[in-house]
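A.B. asks: Just a sequence and a predicted model for now, questions to come.
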Amino acid sequence: MQNGGRILIVDDCDGYWAFYKDALVEFFGVAEEKIFIFPSPEEVLALLEEEQDDTISLVITDLRMSDMNGLTFTRELRKRGMRSFVMMITGSLAPPFDSEMVYSAGVDYLVEKGAGMLECIQYALRVTNTLPVPEGLAA
């Protein structure tokens, strides 16, 4: 994964993807052109059918989506060889889902929506080396 790689936000709820995008840009200084929003996992998978993309550092996705749940989506990403960090967000981890199921699907980081979201996003940016370095501190 490259430093400053692309970030995919995959969520069928525009209110949430707007929050993630605003947080990335406003709080953490990620350039807007590095953020790509997809309302459907199928769109991402179709794109990856055309070409393998190793410039994606971080995938932020929801667990519960209308067309395909986040676990199936993550499994498909892993089957295609994508090694990007996957941060899965959920409103609640209730049956039929559990944390063991989530991590065995290939998810790297599971987060519940609510308090602490900015810290969770910051953690994912640090782990993937996509947190921008402030001007003057760059080597």
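C.D. replies: Now that the structure is in, tell me what you want to look at. Predicted, not measured: the structure shown is a model, and the values here were computed from it.
A.B. asks: for the residue sitting nearest the centre point of the chain, what are its contacts?
C.D. replies: For the chain, the residue nearest the mean C-alpha position is residue 60 (1.5 Å; CA atoms, centre = their mean). Neighbouring residues of residue 60 by CB atoms under 8 Å, 6 or more residues apart in numbering: 7-11, 20, 87, 89, 121, 124. All C-beta spots, glycine's among them, are computed from the backbone N, C-alpha and C.
A.B. asks: mind redoing it with 6 Å?
C.D. replies: 9, 20, 87 (CB atoms under 6 Å, 6 or more residues apart in numbering).
A.B. asks: Sort out for me which of those are in strands.
C.D. replies: 9, 87 (DSSP state E).
A.B. asks: from the contacts of residue 60, which would you call buried?
C.D. replies: Among these, those classed as buried by neighbour count (16 or more other CB atoms under 10 Å) are 9, 20, 87.
A.B. asks: Export the residues you listed to JSON lines and append columns for pLDDT.
C.D. replies: Shown next, in JSON lines, are the buried ones among the contacts of residue 60 (pLDDT from 0 to 100):
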{"residue": "9", "pLDDT": "94"}
{"residue": "20", "pLDDT": "89"}
{"residue": "87", "pLDDT": "94"}
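A.B. asks: Out of those residues, which is nearest to residue 43?
C.D. replies: Using CB to CB, residue 9 is the member of those that lies nearest residue 43, at 11.7 Å.
A.B. asks: For that closest one, give its distance to residue 76.
C.D. replies: As judged by CB to CB, to the nearest Å, residue 9 and residue 76 stand 17 Å apart.
A.B. asks: where's residue 63 relative to residue 16, distance?
C.D. replies: For residue 63 relative to residue 16 (CB to CB), the value is 12 Å.
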